[in-house]
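1. Have a look at this prediction, sequence included:
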Amino acid sequence: MNAASASTATTERKAALGGLFADKRLHLRPAWGGGGVLPKLKRITHMRLIFALGLLALGSAPALAGQAEAQSCASGLDANGQLIFTSALPQVAPGADLKGIVTDTTKSLVKSGQIKRGDARSAAEAAGACLKLAMQ
């Protein structure tokens, strides 16, 4: 077999494979359309996103435990305490002024006639103890 017939045989084999190797540039490129830095950056970005979501999930688990403890505590309150608790809970966040929130909520409930003035202080103190659990 001489060099010319070997070259012809190689060309015929390449053509039989569907011409995949006919263009050397196509042969050097990966199947996803290009190699290089960009796909690596996409993988790194996805890894960082997954890592951040994992940290977020771990960070919110104790907050949910605090909410469950607060709800359990509130179930033992009287009707006035439960009313103060449910009215003030949406405003409670870590770092918030809990005493101010409970005081303002209780005052508004007394002014609207939903709680008697004489019962407000004890109910507010009990609800505040439960709300403190929600802040943790």
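-> Structure received. Numbering: from 1, shown residues only.
2. The helix or strand Gly118 falls within - contacts with which helices or strands?
-> Per DSSP states H and E, Gly118 falls inside helix 117-135. Contacts defined by 3 or more C-beta pairs under 8 Å, 6 or more residues apart in numbering; DSSP states H and E place helix 117-135 against helix 37-74, helix 79-88, helix 98-111. C-beta coordinates here come from the backbone N, C-alpha and C atoms, glycine included.
3. in the second one, what's buried?
-> By neighbour count, with 16 or more other C-beta atoms under 10 Å as the criterion, the buried positions of helix 79-88 are Asn80, Gly81, Gln82, Leu83, Ile84, Phe85, Ser87, Ala88.
4. Pipe those residues into a markdown table and attach pLDDT per row.
-> A markdown table is the format used below for these (pLDDT from 0 to 100):
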| residue | pLDDT |
| --- | --- |
| Asn80 | 92 |
| Gly81 | 92 |
| Gln82 | 91 |
| Leu83 | 92 |
| Ile84 | 92 |
| Phe85 | 91 |
| Ser87 | 92 |
| Ala88 | 92 |
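5. Which residues are in contact with Lys132?
-> By C-beta atoms under 8 Å, 6 or more residues apart in numbering, the contact list for Lys132 reads Leu98.
6. Can you give me the distance of it to Ala70?
-> Remark: distance between Lys132 and Ala70 (C-beta to C-beta, to the nearest Å) = 8 Å.
7. got it, and Cys130?
-> Distance of Cys130 to Ala70, given as C-beta to C-beta: 5 Å.
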